[in-house]
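Chemist: here is a sequence together with a model predicted from it:
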Amino acid sequence: MVQEQQIDTVDINVNMGPQHPSTHGVFRMVLTIDGERVIDVEPHIGYMHRGAEKLSETMDYRAAIGYQDRTDYLTQFMNEQAYCMAVEKLLELEVPERAEYIRVILCELNRISSHFMFLGAFGIDLGHFGTSFTYGFREREHIQDIFEETTGERMMYGYFRPGGLVWDVPDNFVQRVREVLPKSLQGLRDIDMLMTENEIVAARSRGIGIMSAEDAINWGLSGPMLRAAGVPWDLRKDKPYSIYDRFEYDVPVGRHGDVFDRYLVRIEEVRQSIRIVEQALDQLPDGPIMPEKMPRRLRGPEGEVYAAVEGARGEYGIYLVSKGGDKPYRLKMRSPSFCNLSALREMTVGNYVADAVAILGSIDIVLCCVDR
Amino acid sequence: MRGILKSMYITMSAMLRKPVTINYPSYHREVPQRDRGLPILLWDKEVDEPFCTGCHACERACPVECMTVTMKDNPLHADEKSTRRKIIDEFWIDYGRCMRCNICVEVCNFEAIAMNNTWAGHELSTFDRNDLVLDLDQLLAQHKQEKIDEWVAD
């Protein structure tokens, strides 16, 4: 008679980060594992906290624009737009047509460059060893060049102002963007061919980190995370801001809500963004870029406003409370990365340790945006 | 298997492409005209004095408070060589603090400050962080020697 041996197993705590290369910044998670399975995740954030919200309250409306670039450093234009929209709502400023079009063009280009960054980094998370990363970065660089020629900066643009823009775009802007769009499309095709049908990518990302539509809504997810779960929610379509109601584009949605779907949704979003930019370039009017009666010093009335844009990661919102004067009384940033990250535990528990990295990567977090 | 072959095809075709990267320290690519380096002061060549009158507008508008400005009576105004009654006495900018937001350039009433749009505005690494605090002479040197490419926003 064979006696079954009783094996005592112990759950192990594994620390990952904050300097781990695949945590997309300084993010620490303590994984409790049972063999190869994750049974608990404890995220630790706050390593990048700089108090951007509080700092914005100490300076006037125009000066605080610099802190918007530094929250989500991959979608700076969208953050700036959200902030400018909030201030414009409060001060009742009317943005000229041309400024709106340029904003939309730059925001959509920003979405493309941010998604290229994701597509590159996603490959690394799955063990592509930097192949896709170099592809993503090469394509991103074409768009970066346009931003640099337009704003003068490569990263912290500070180009939008409450009411309009700092200065007009260069004369060859339209031509330059038209040159770059086919390149981006070609680059997207390259990455698409490299990864979408690749059996290894599919095996690593299909069926893990599943979020049902109901769960995704309950967790307050937004952006590609929510759309991958099958909810066609896009602020540009559902609560049109700026001039997004003038363009034709589709909102891609996923079917399974897994990591692979999030990747597919982002690939399709790049194509849709290219469509929007093309339409906006055709319609780009001439005219001023700042309202004619622009006060030299911005003074807001008492009140509260909320303005949100559809960022590359989800809903980026600015909640502004003013008690009069030239400074906000309170400024709250609703950052998509933070809200999406809150669902990490829900998605990770029950999966393998190696998949935890892929799931974290699929959220496409920017830690500066999480910690602010 | 088909997907892997497709990936290999992309990798192989990229192998035959020209490299897009450049060897940075030995080769500097051209920076665009609007390039925003760090702020410098401009020199009025007609009167031979700085444009800056020390009016504190930039100092007040600076979000990170990286500037220190003091003002004095203009000696050239007494001799009726200059129309500026007041002139800059001392000006410090802490490049370590500056966040290159361009707001000082926008608020300046005399177009006395500009963002350095050359490589000198970027390559500023020093061994001591105190060396990053530039005084008036250092801030004026770039434009005095005509090293920057002037660009005025419309």
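Modeler: Perfect, thanks for sending it. Computed from a prediction, not measured in an experiment: that's the story for all the values here. Numbers count the residues shown, from 1 in each chain, chains lettered A, B, ... in the order given.
Chemist: tell me the contacts of the residue lying closest to A:Ile363 once chain neighbours are set aside?
Modeler: In space, and not counting its chain neighbours, A:Ile363 is closest to A:Asn340: 4.9 Å by C-beta to C-beta, 6 or more residues apart in numbering or on different chains. (Glycine included, C-beta is placed from N, CA and C.) By C-beta atoms under 8 Å, 6 or more residues apart in numbering or on different chains, A:Asn340 lies in contact with A:Leu221, A:Ser222, A:Gly223, A:Met225, A:Arg313, A:Gly314, A:Ile363, A:Asp364, A:Ile365.
Chemist: flag every buried residue along the longest strand along chain B.
Modeler: Among the segments of chain B that qualify as a strand by DSSP state E, the longest is strand B:86-94. The neighbour-count check on strand B:86-94 (16 or more other C-beta atoms under 10 Å in any protein chain shown) flags B:Ile87, B:Ile88, B:Phe91, B:Ile93, B:Asp94 as buried.
Chemist: just put those in a markdown table and tack on pLDDT.
Modeler: Shown next, in a markdown table, are the buried residues of strand B:86-94 (pLDDT from 0 to 100):
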| residue | pLDDT |
| --- | --- |
| B:Ile87 | 83 |
| B:Ile88 | 84 |
| B:Phe91 | 88 |
| B:Ile93 | 89 |
| B:Asp94 | 89 |
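Chemist: max-length helix in the chain?
Modeler: Chain wasn't specified; assuming chain A. Criterion DSSP state H: the longest helix present in chain A is helix A:97-125.
Chemist: my question was about chain B, not that one.
Modeler: Under DSSP H, chain B gives helix B:2-15 as its longest helix.
Chemist: for that helix, packing partners?
Modeler: Contact analysis of helix B:2-15 by 3 or more C-beta pairs under 8 Å, 6 or more residues apart in numbering or on different chains; DSSP states H and E lists helix A:173-195, helix A:199-205 as its packing neighbours.
Chemist: can the helix or strand where A:Ala280 lies be said to contact chain B?
Modeler: Element membership of A:Ala280 [criterion: DSSP states H and E] is helix A:259-283. No. Applying C-beta under 8 Å from any C-beta of the partner chain, one finds helix A:259-283 separated from chain B by no less than 12.6 Å.
Chemist: quick one: least confident helix or strand in chain B?
Modeler: helix B:75-78 (a mean of 78; mean pLDDT, DSSP states H and E).
Chemist: next, A:Pro170: phi, psi?
Modeler: Backbone dihedrals for A:Pro170, given as degrees, to the nearest 10, come out at phi -60, psi 160.
Chemist: these two touch, right, A:Thr151 and A:Leu165?
Modeler: No. Between A:Thr151 and A:Leu165 there is no contact under C-beta atoms under 8 Å: 9.3 Å.
Chemist: any residues in contact with both of those two?
Modeler: A:Tyr159.
Chemist: ok, back up a step: how about the following helix or strand past the longest helix of chain A: buried residues?
Modeler: Note on helix A:97-125: by DSSP H and E, the next helix or strand toward the C-terminus is helix A:131-151. Neighbour-count burial for helix A:131-151 flags A:131-133, A:135-143, A:146-151 (criterion: 16+ other C-beta under 10 Å).
Chemist: go back to those residues and keep what's next to chain B.
Modeler: A:Thr131, A:Tyr135, A:Arg138, A:Glu141, A:Glu148, A:Glu149, A:Thr150, A:Thr151.
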